[in-house]
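A.B. asks: need a 3D model of the sequence below.
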Amino acid sequence: MGGSSLRPSMPSRPVSSISQVSLNKALPPTPGPDASDLTTLLIGPKKRRFKVNHTLLCEVSPFFQERLEDPFHSQTVSLWLPSESPAMFGLFVEWVHSPETFRDYLDNAIDSAFKKGEQTSLDIHWAIIHLHLFASQLSLGYLQDASMDALQDLYLKYDWDVPPKLVVYLYTECEAEPATRLRRWAVAMVAFCLAVGSQLKLPDQDSTSLDPNQFYALFQSLSEFSADYAQHMECMRSSGYDVQLKNPQLRIPENEENNDGRFFGFRECSFHSHKSEVGEGPCPLAGQPAKIPVLKEQ
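C.D. replies: Got it, this is the predicted structure:
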């Protein structure tokens with residue numbers, strides 16, 4: 001998605017000539033929606049075509065309603081989003097059509113990618129990151145939070161560390177507001193990695209990226225990253241947490257401050273859009289299958 005804002009373009013080609021397109025081959029296919037109420041979206045520079053339920057899509061966000069329900073055009077129009085990722089948009093379409101089962105779908109996609117190999121998992125890794133950014137730009141809180149949880153689970157499954165190039169991407173190619181929760185999570189991951197001091201395990205095959213000292217170079221070149229890191233470390237110190245133990249991959253099942261698990265993981269709403277509203281209350285996503293329990297001492 002990059003860091004730019006959504007940039008739609010309206011192609012002149014009629015939708016009657018556009019056929020159904022499946023998702024990226026690395027992802028499970030999305031079930032076809034009711035053909036009686038479909039609109040076409042063209043995604044990415046190569047105009048990958050997606051058929052989406054028109055009513056559901058317009059209910060999701062005013063962004064789509066304003067562009068697809070033009071009162072000055074009686075003919076159905078299609079929408080082109082040239083800067084978006086087709087792999088990401090395939091996940092988004094699944095959420096639009098089946099929001100109740102989306103987390104199960106995403107978990108299954110991650111499991112399937114895990115079985116196929118690390119490159120396939122890397123593909124869905126970037127699709128989930130782009131999905132979070134896309135949802136953030138559209139102010140879709142639930143989708144932001146579900147994708148954030150899925151990203152944590154993916155990193156836990158592989159025991160990955162955040163790669164320096166992801167930090168560079170979040171701080172140089174993404175707008176600050178849509179990327180704020182990804183940045184906060186990435187900073188916490190970097191802090192944990194540097195505190196543990198082990199060799200990095202990254203979600204790619206680039207052996208030249210294994211030196212943790214690269215993060216110190218980024219502190220010098222990325223002032224916002226450096227400031228966010230300093231703020232995070234001060235928060236950890238003032239709260240009495242040991243950064244070597246507090247793993248951002250782990251979500252403790254309760255938000256209460258007196259939960260002993262907070263010394264080993266992060267409250268499940270720590271990187272959610274509703275963090276400030278929930279406080280120590282239950283997470284609105286409670287009951288979703290991706291919570292990682294932290295074992296407590298007996």
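
A.B. asks: was I right about His132 contacting Met148?
C.D. replies: Yes - here His132 reaches Met148: they are 5.9 Å apart, a contact under Cβ atoms under 8 Å. To be clear about C-beta, it is placed using only N, CA and C from the backbone, and glycine gets the same treatment.

A.B. asks: what do those two both touch?
C.D. replies: 181-182 (Cβ atoms under 8 Å, 6 or more residues apart in numbering).

A.B. asks: any stretches of the stretch 51-200 of the chain with poor pLDDT?
C.D. replies: Per-residue confidence for the stretch 51-200 of the chain (pLDDT under 70) gives these ranges: 70-77, 198-200.

A.B. asks: now the strands: where do they sit in the stretch 51-200 of the chain?
C.D. replies: Listed from the start of the chain, the stretch 51-200 of the chain has strands (DSSP state E, counting those that start in this stretch) covering 79-81.

A.B. asks: which parts of the helix or strand where Phe225 lies are buried?
C.D. replies: Assignment of secondary structure by DSSP states H and E places Phe225 within helix 223-239. Using 16 or more other Cβ atoms under 10 Å as the test for burial, helix 223-239 gives 225-226, 228-229, 232-233, 236.

A.B. asks: where do the helices of the stretch 101-250 of the chain begin and end?
C.D. replies: Assignment of helices within the stretch 101-250 of the chain using DSSP state H, counting those that start in this stretch yields the ranges 102-116, 118-137, 141-158, 164-172, 180-196, 213-221, 223-239.

A.B. asks: sorry, back to before: what is the rounded mean pLDDT of the helix holding Phe225?
C.D. replies: The average pLDDT within helix 223-239 is 93.

A.B. asks: what's the next secondary structure element after it?
C.D. replies: Using DSSP H and E, the helix or strand that follows helix 223-239 in sequence is strand 251-252.

A.B. asks: which strands and helices sit next to that next one?
C.D. replies: Contact partners of strand 251-252 among helices and strands, from 3 or more Cβ pairs under 8 Å, 6 or more residues apart in numbering; DSSP states H and E: strand 266-267.

A.B. asks: please name the nearest non-neighbouring residue to Leu156.
C.D. replies: The shortest distance from Leu156 to any residue that is not its chain neighbour, by Cβ to Cβ, 6 or more residues apart in numbering, is 4.1 Å, and that residue is Gln249.

A.B. asks: pretty sure the one you found contacts Tyr155?
C.D. replies: Yes - shown here, Gln249 and Tyr155 form a contact pair, counting by Cβ under 8 Å, at 5.2 Å.

A.B. asks: now do the shared contacts for these two.
C.D. replies: Met189.

A.B. asks: now the helices of the stretch 101-250 of the chain in TSV, with distance to Lys51?
C.D. replies: What follows is the helices of the stretch 101-250 of the chain, written out as TSV (distance: least, Cβ to Cβ, whole Å):
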stretch	distance to Lys51
helix 102-116	18
helix 118-137	18
helix 141-158	20
helix 164-172	30
helix 180-196	29
helix 213-221	42
helix 223-239	40
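
A.B. asks: out of these, which gets nearest to Ser273?
C.D. replies: Closest approach to Ser273 among the helices of the stretch 101-250 of the chain is made by helix 141-158 (4.1 Å; Cβ to Cβ).

A.B. asks: tell me which strands and helices that closest one is in contact with?
C.D. replies: Contacts of helix 141-158 with other secondary structure elements, assessed using 3+ Cβ pairs under 8 Å, 6+ apart, are made with helix 86-97, helix 102-116, helix 118-137, helix 180-196.

A.B. asks: 6 Å instead, please
C.D. replies: The helices and strands touching helix 141-158, judged by 3 or more Cβ pairs under 6 Å, 6 or more residues apart in numbering; DSSP states H and E, are helix 102-116, helix 118-137.
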